[in-house]
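Enquirer: show me the folded form of this:
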Amino acid sequence: MIRDKLTPLMQKNNENEKFTGLILLSGIDAPGITESLFATLAPFSIIVLDIEQVVITNRLILTVLVTLNPVHQKAIEEDLAQCAESLDVDIATLFTTSTIESIGSKSNLLHVIILSDKLLPSTVSALASVISGLGANIERITRPASNPITVIEFIVSGISQKSLTSSLSSLAPLHSIDIAVHKSGAMRFARKLVQLDVDSTLITQEVIDLLAAKAGVFEEVQKITNAAMRGEIDFEQSLRRRVCLLKGLPQSAIAQVQDELILTPGAQNLIETLHGLGHSISVVSGGFIDVIEPLISRLGILHFRANKLEIQDGLLTGEIQGAVIDRAAKAQALREFAALESISMEHTVAIGDGANDLDMIAAAGFGIAFNAKPAVRNAADSSVSSPYLDSVLYLLGITPEQ
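Expert: Presented below is the predicted three-dimensional model:
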């Protein structure tokens with residue numbers, strides 16, 4: 001039976017005294033457990049400070065942090081024991097005059113987001129070891145998503161973002177996981193500008209390779225591309241040499257290539273989700289606006305920048321109109337688009353895979369390497385190694401429900 005065992009005089013004598021109480025309920029999940037627990041607590045002079053409830057398969061763990069009048073302690077313990085018996089669950093309590101801090105009362109919390117195709121106990125152990133070794137504390141662990149990848153979020157206190165990011169970065173390649181560290185608070189949910197590279201990021205292909213195949217010069221173009229990747233020639237030089245090989249290609253080939261473009265899995269969901277949450281999206285490419293503009297328009301992207309092929313008499317001349325969009329131009333585009341949207345650089349995100357994306361990744365508030373080369377992964381704040389572009393949403397702290 002739920003009862004209040006205090007006389008008015010006892011309540012008056014103890015009205016300024018407060019205990020902190022931690023209540024832990026565990027057992028097989030069933031409808032009505034949460035309602036019964038709080039109905040048991042309702043007659044007492046209690047204020048709820050924090051609640052956490054987790055169900056894994058059919059096992060329930062429910063924790064409640066409260067303040068209470070100390071003379072209620074025995075009555076609460078007796079009524080909770082009856083509640084546990086009636087529900088066939090276990091209820092443990094800890095009452096103390098010491099303050100038990102609620103996570104909600106703590107400042108400077110960090111969110112550590114882990115993406116994994118197959119999360120192993122050794123990975124969690126390594127993460128926890130690094131965090132504890134820094135003198136920090138894990139306040140809470142949740143699993144925002146499990147399909148198509150597992151997403152685990154740690155909330156951590158007692159450490160700076162820079163220190164934690166630096167210390168965790170070496171774990172990502174060792175354990176085949178992706179890691180992002182964000183500060184807690186409203187700034188985490190501020191409106192953002194997310195800028196995407198195109199080739200091998202927004203789409204699965206390289207546009208110039210598709211054009212080269214139409215022109216019958218695919219192998220020659222690949223040789224120049226490989227030389228550029230080895231650092232033997234810079235991006236602009238390599239691009240101009242490759243475009244030169246396209247001289248004489250009919251303009252009609254552009255429309256054919258437009259029909260062959262394949263969005264990276266998850267790309268459309270990424271863009272629709274970001275737009276739906278009020279964020280802005282921009283696209284930059286070392287490829288060609290002639291090819292990608294219809295796709296960008298179909299996706300509802302307002303800000304974009306790419307190279308322009310020169311065309312005369314229905315044929316490609318082998319030249320590029322205007323300045324080449326190189327790595328510096330991509331970073332400049334990010335700054336200009338952020339200014340147009342009145343978004344600070346702190347709230348910009350850059351996503352790319354190649355050396356041509358390094359400057360915009362460095363300029364952005366948060367740089368993400370998408371299935372990128374090692375040099376790009378090392379330069380970025382985080383990386384995505386899954387084939388799904390919308391995995392980026394988890395790194396930004398966006399939940400499946402959103």
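Enquirer: you'd agree Ala350 is up against Gln195?
Expert: Yes. Applying C-beta atoms under 8 Å, one finds Ala350 in contact with Gln195, separated by 5.0 Å. Backbone N, C-alpha and C define where each C-beta goes, glycine included.
Enquirer: need the residues touching each of the two.
Expert: Leu334, Met360, Ala364 (C-beta atoms under 8 Å, 6 or more residues apart in numbering).
Enquirer: what's the closest of those residues to Ser169?
Expert: Nearest to Ser169, judged by C-beta to C-beta, of the shared contacts of Ala350 and Gln195 is Ala364 at 16.9 Å.
Enquirer: could you tell me the end-to-end distance of stretch 385-393?
Expert: Terminal residues of stretch 385-393 lie 14 Å apart, using C-alpha to C-alpha, to the nearest Å.
Enquirer: can you mark which positions in it are buried?
Expert: For stretch 385-393, a neighbour-count test (16 or more other C-beta atoms under 10 Å) marks Ser385, Ser386, Tyr388, Leu389, Asp390, Ser391, Val392, Leu393 as buried.
Enquirer: so can I have TSV of those showing secondary structure, distance to Ala355 and pLDDT?
Expert: Listed next are the buried residues of stretch 385-393 as TSV, based on DSSP: H, G, I helix; E, B strand; the rest coil; distance: C-beta to C-beta, whole Å; pLDDT from 0 to 100:
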residue	secondary structure	distance to Ala355	pLDDT
Ser385	coil	18	92
Ser386	coil	22	91
Tyr388	coil	23	94
Leu389	helix	20	96
Asp390	helix	25	95
Ser391	helix	22	93
Val392	helix	20	94
Leu393	helix	25	94
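Enquirer: check those residues and tell me the two furthest apart.
Expert: Maximum distance among those (C-beta to C-beta): 15.4 Å, for Ser385 and Leu393.
Enquirer: sorry, back to before: now the buried residues of stretch 385-393 as a markdown table including distance to Glu346?
Expert: Supplementary listing: these in a markdown table, determined by distance: C-beta to C-beta, whole Å:
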| residue | distance to Glu346 |
| --- | --- |
| Ser385 | 26 |
| Ser386 | 27 |
| Tyr388 | 27 |
| Leu389 | 23 |
| Asp390 | 23 |
| Ser391 | 23 |
| Val392 | 18 |
| Leu393 | 19 |
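Enquirer: domain map for this protein?
Expert: Domains of the chain are assigned by automatic domain parsing as 8-103, 107-186, 193-395.
Enquirer: quick one: mean pLDDT for the first one?
Expert: So the one you mean is domain 8-103. Here domain 8-103 scores 87 as its mean pLDDT.
Enquirer: can you give me the strands in the stretch 101-250 of the chain?
Expert: Ranges of strands in the stretch 101-250 of the chain, per DSSP state E, counting those that start in this stretch, are 110-116, 137-145, 150-157, 177-183, 193-197.
Enquirer: which of those strands sits most buried?
Expert: Stretch with highest mean neighbour count among these: strand 193-197 (a mean of 27; mean count of other C-beta atoms under 10 Å).
Enquirer: so which residues make contact with that one?
Expert: In contact with strand 193-197 (C-beta under 8 Å, 6+ apart) are residues 202, 274, 279-285, 330, 333-334, 337-338, 341, 343, 347-354, 356-357, 360, 364, 370, 392.
Enquirer: can you list the strands that it pairs with?
Expert: Sheet partners assigned to strand 193-197 using DSSP bridges are listed as strand 280-288 (parallel), strand 348-352 (parallel).
Enquirer: just checking, Lys308 touches Gly287?
Expert: No. Between Lys308 and Gly287 there is no contact under C-beta under 8 Å: 10.6 Å.
Enquirer: okay, these two: which has more neighbours?
Expert: Higher neighbour count among Lys308 and Gly287: Gly287, with 24 against 14, using other C-beta atoms under 10 Å.
Enquirer: so who does the more buried one touch?
Expert: Going by C-beta under 8 Å, 6+ apart, the list of residues near Gly287 reads Val198, Asp199, Glu206, Val207, Ile208, Ala306, Asn307.
Enquirer: check which residues of stretch 217-235 are buried.
Expert: Result for stretch 217-235 [16+ other C-beta under 10 Å]: buried residues Val217, Phe218, Val221, Ile224, Thr225, Ala228, Ile233, Phe235.
Enquirer: same check, this time on stretch 293-310
Expert: Result for stretch 293-310 [16+ other C-beta under 10 Å]: buried residues Leu295, Ile296, Leu299, Ile301, His303, Phe304, Arg305, Ala306, Asn307, Leu309.
Enquirer: list the contacts of that stretch.
Expert: 198, 203, 239, 243, 246, 254, 258, 261, 263, 268, 271, 275, 280-290, 292, 316-322, 324-325, 329-330, 333, 337, 340-341.
Enquirer: quick check: mean pLDDT across it?
Expert: 97.
Enquirer: quick one: which of the strands of the stretch 101-250 of the chain is nearest Glu52?
Expert: strand 137-145 (7.1 Å).
Enquirer: so what's Ile179 bridging to?
Expert: Under the criterion used (DSSP bridges), Ile179 bridges to Ile114.
Enquirer: what does Gln195 give?
Expert: Ser282, Ala350.
Enquirer: now it: how far from Phe38?
Expert: 47 Å (C-beta to C-beta, to the nearest Å).
Enquirer: then Ala364?
Expert: Ala364 is 45 Å from Phe38, by C-beta to C-beta.
Enquirer: okay, the two: which has more neighbours?
Expert: The neighbour comparison of Ala364 against Phe38 (other C-beta under 10 Å) goes to Ala364, with 28 against 14.
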